[in-house]
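[1] Fold the stuff below for me.
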Amino acid sequence: MAKPLLKLKARKLRKRGKSIKDIAKSLSVSTGTASLWCNDIFLTKEQAYRLHIKCIKGQERGRILASEVLRQRRLNKIRQYEDEGLNQFKKITKNEFYSAGLALYSAEGAKKSRRVMFTNSDPKIIKFMTSWFKEFYNINISKMTCSVLINISHKHREKEIKKFWSKQLDMPISQFRKTKLVKPKNKKIYDNPQDYYGTFTFAVVKSTDLCYKILGQIYGMLTTVYGIK
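    Sure, this is the predicted structure:
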């Protein structure tokens, strides 16, 4: 199409309230050319408002797309590292398993109560530790008691939360002790309240000697392996 005709079409589109960018794209010309052809045409307030809203929506779409790209990159990176972890621990020795359990207990286990107790909010870690006690100390779920600690705002979900942990560990509800309720100073708002299951604690019955033994093993591990005195 000849330039004069393109210019005429561009001006008609501009008078209809089209953006310079859309005009340039529609006529396959540069935005600079389209702007030059239409620089003496003033939009009505209504046309300018519509373009403004369109621009905002376009920017919002751009932000959403950019956010999704970053999200996918993050998920891909997480999957990459998970695969690396699975490959690294395809085969785990008993010594590695034992050391991992000691390290977890040294961080999350009771050390001053003279009783073996372990607390965490992650079901996988709780399962790891119950398996650890069974593997190395022949202590089954039946020799444990447990309790959950939840925010008082979830009191109405107490039965649901107990059922969740009971199912995760195949532990009868009868082994659960009284639920502990926490009333924080500032009311906490949960993004996904239905996914909140509080903090789980299990305790080994009659475990004073076992507690001393585990603490002795932790002492040996930290002192010998890491040189911490």
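[2] Tell me the pLDDT of residue 226.
    Turning to residue 226, the model gives it a pLDDT of 63.
[3] and stretch 157-167, C-alpha only, in CSV?
    Taking C-alpha atoms only, stretch 157-167 is exported to CSV below (Å, rounded to 0.1, in the frame of the first residue of the first chain):
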residue,chain,number,x,y,z
ARG,A,157,-10.4,-28.2,63.7
GLU,A,158,-8.9,-30.2,66.5
LYS,A,159,-10.5,-33.5,65.6
GLU,A,160,-9.5,-33.0,61.9
ILE,A,161,-5.9,-32.2,62.9
LYS,A,162,-5.7,-35.3,65.1
LYS,A,163,-7.1,-37.5,62.4
PHE,A,164,-4.5,-36.1,60.0
TRP,A,165,-1.6,-37.0,62.2
SER,A,166,-3.1,-40.3,63.2
LYS,A,167,-3.4,-41.3,59.5
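[4] Could I get the average pLDDT for that stretch?
    95.
[5] domains of this structure?
    3-61, 94-225 (automatic domain parsing).
[6] and of those domains, who's closest to residue 80?
    domain 94-225 (19.7 Å; Cβ to Cβ). For glycine as for every other residue, the C-beta is placed from the backbone atoms N, C-alpha and C.
[7] And that closest one, end to end?
    17 Å (Cα to Cα, to the nearest Å).
[8] and if you look at stretch 32-45?
    23 Å.
[9] Touching that stretch from outside, list them.
    Residues outside stretch 32-45 that contact it (Cβ atoms under 8 Å, 6 or more residues apart in numbering): 6-7, 10-11, 14-15, 17, 20, 23-24, 27, 51.
[10] Kindly recompute the last result at 6 Å.
    7, 10-11, 14-15, 20, 23-24 (Cβ atoms under 6 Å, 6 or more residues apart in numbering).
[11] Where among the domains of the chain is average confidence lowest?
    domain 3-61 (a mean of 83).
[12] so after the helix or strand hosting residue 82, what's the next helix or strand?
    Element membership for residue 82 (DSSP states H and E) is helix 45-88. As assigned by DSSP H and E, the chain's next helix or strand after helix 45-88 is helix 94-108.
[13] Surely residue 10 and residue 23 touch.
    Yes: if you go by Cβ atoms under 6 Å, residue 10 and residue 23 touch, sitting 5.2 Å apart.
[14] for the top strand by length along the chain, packing partners?
    For the chain, the longest strand by residue count, based on DSSP state E, is strand 144-151. Judged by 3 or more Cβ pairs under 6 Å, 6 or more residues apart in numbering; DSSP states H and E, the packing partners of strand 144-151 are strand 199-204.
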